[in-house]
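**Q** Dropping a prediction and its sequence here:
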Amino acid sequence: MRKTILGPDVGAGLDLFDGVEGVEQLPHSEAVAVDFPEYRRVFISGTAAIDADGSVVAPGEAVEQLRTILATIEEMLALVDGDMRDVVRMKLISEALSEEEYLGVCRVRESFLPEGHDPASTMIESDDVGLEGMRLEVDADAVVPNGEWELEHARRE
């Protein structure tokens, strides 16, 4: 069975651990993909809107940060031949959002997720998401099929 580590150097540009003995970088990767005979499972770590220099993108702006985060998740999925149709679970951790921000977040999600492929989702509010100016962090799980999806919708009665 093959396991692919995506972004093993995540956080390398951050100075969080400068001078900390025994810790040189964040102790995780951006994502891990595991190959199975019929599909590939992808586990995407909490992803924030942070640029290559370690700076928060659009500090304080939840909607713009989500746009950056979902674009990053799209890029990670593309590395393992996947796309946003393959996301089956998404967890958003955010600071408190105004109604306007929440609606903006919903619009951004809708713009990234192909119609009919809405993942199971959880949204958790937190007083502190991470670095100063960060409003959101998102993790996701995806299943990348070897072929095409046979999409079916079922409803509870």
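**A** Nice, thanks for sending it over.
**Q** Flag the shaky bits of this structure, pLDDT-wise.
**A** Within the chain, the stretches with pLDDT under 70 are 10-20, 22-26.
**Q** in it, which spans are strands?
**A** Assigned by DSSP state E, the chain shows strands spanning 3-6, 31-35, 39-47, 87-94, 120-125, 136-145.
**Q** Grab the nearest non-local neighbour of residue 101.
**A** residue 62 (4.8 Å; C-beta to C-beta, 6 or more residues apart in numbering). Any C-beta I mention is one placed from the backbone N, CA and C, and that applies to glycine too.
**Q** Enumerate every residue touching that neighbour.
**A** Contacts for residue 62 (C-beta atoms under 8 Å, 6 or more residues apart in numbering) come out as 94, 95, 97, 101, 104, 105, 135, 136.
**Q** buried subset of those?
**A** For the contacts of residue 62, a burial check counting by 16 or more other C-beta atoms under 10 Å picks out 94, 95, 97, 101, 104, 105, 135, 136.
**Q** just checking, the first one touches residue 125?
**A** Yes - the criterion here is C-beta atoms under 8 Å, and residue 94 meets it with residue 125 at 6.2 Å.
**Q** returning to what we had before: closest one to residue 81 among the strands of the chain?
**A** Closest of the strands of the chain to residue 81 is strand 136-145, at 6.1 Å (criterion: C-beta to C-beta).
**Q** what's next to the closest one, contact-wise?
**A** Taking C-beta under 8 Å, 6+ apart as the rule, strand 136-145 contacts 33, 38-49, 62, 65-66, 69-70, 73, 77, 80-82, 86-95, 105, 119, 129-130.
**Q** For ChimeraX, write the selection for the buried entries among the residues you listed.
**A** Applying 16+ other C-beta under 10 Å to the contacts of strand 136-145, the buried members can be selected in ChimeraX as follows:
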select :33,39,40,41,42,44,45,46,47,48,49,62,65,66,69,70,73,77,80,82,86,87,90,91,92,93,94,95,105,119,129,130
